[in-house]
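Novice: missing the sequence, but the structure's below:
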């Protein structure tokens, strides 16, 4: 299936064919979890498991549309408190797409569906066979190398345009380095990060 058809497939087959009776009958199912999360109260394991179950339900539905009925989905917590769903097994390259663009679209769809169901936003990261994990390490190393160049040359370094998730990784990687600052410039999809040395 072509990369550009993902949104159409999800809209026509996942959303429309969803069990609306079940969702309508559980309007307040996540009210207490929502109150805890919005109040900054740490969620219990049971509460996070219920959120994960919803996310996995939607993700599994999309995988089924692509004929991937035997893929496994591992759940674990990210460094920033996000829920990470890592899919493995099967022919999953089509769900990654060129430069991870289809994976980005898949994550957006899953986040939107889950937020609609929960009635609040909970950070979810969808990964395919640890693609994001590998890409994360590359971006972190790229950020460190760029920061080193900025400091040694005494001038700002502009990184190549990247999506919001990757830009955030750059900011997080360098946030504890007192010798550089980072900020983003430009408009999507050409928005990029600038690393500037601090004059001490």
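Specialist: Thanks, I have the structure now. Quantities reported herein were computed from a predicted structural model and do not represent experimental measurements. Numbering: from 1, shown residues only.
Novice: mind listing the helices for this structure?
Specialist: Read by DSSP state H, the chain holds these helices, from start to end of the chain: 6-9, 20-24, 31-38, 45-65, 101-118, 131-153, 164-174.
Novice: now the residue nearest the centre of the chain, which residues is it bridged with?
Specialist: The chain has residue 125 as the residue nearest its centroid, 3.3 Å off, counting by CA atoms, centre = their mean. With DSSP bridges as the criterion, the beta-bridge partners of residue 125 are residue 84.
Novice: so who does residue 177 touch?
Specialist: The neighbours of residue 177, taking CB atoms under 8 Å, 6 or more residues apart in numbering as the test, are residue 147. Bear in mind the C-beta positions are built from the backbone N, C-alpha and C, glycine included.
Novice: Tell me the confidence at residue 90?
Specialist: Residue 90 carries a pLDDT value of 80.
Novice: how much space between it and residue 73?
Specialist: In this structure, residue 90 and residue 73 are separated by 11 Å, where distance is defined by CB to CB, to the nearest Å.
Novice: Equivalent analysis for residue 197, please.
Specialist: The span separating residue 197 from residue 73 equals 43 Å under the rule CB to CB.
Novice: now swap in residue 168 and tell me
Specialist: When distances are taken as CB to CB, residue 168 and residue 73 turn out to be 23 Å apart.
Novice: One more: residue 164?
Specialist: When CB to CB is applied, the distance between residue 164 and residue 73 equals 24 Å.
Novice: Give me the more crowded residue out of those two.
Specialist: Here residue 164 and residue 73 are compared on neighbour count by other CB atoms under 10 Å; more neighbours surround residue 73, at 17 against 11.
Novice: Surely that one touches residue 87?
Specialist: Yes: using CB atoms under 8 Å, residue 73 makes contact with residue 87 at a distance of 5.4 Å.
Novice: Now the common contact residues for these two.
Specialist: With CB under 8 Å, 6+ apart, residue 73 and residue 87 have common neighbours residue 59.
Novice: circling back: using CSV, please lay out the helices of the chain together with distance to residue 82.
Specialist: Compiled in CSV, the helices of the chain are given as follows (distance: least, CB to CB, whole Å):
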stretch, distance to residue 82
helix 6-9, 21
helix 20-24, 24
helix 31-38, 13
helix 45-65, 11
helix 101-118, 10
helix 131-153, 11
helix 164-174, 10
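Novice: got the contact list for residue 193?
Specialist: In this structure, residue 193 makes contact with 143, 158-159, 162, 167, 170-171, 182-184, judged by CB under 8 Å, 6+ apart.
Novice: What ranges in the chain fall below the confidence cut-off?
Specialist: Counting by pLDDT under 70, the chain contains low-confidence ranges at 1-27, 200.
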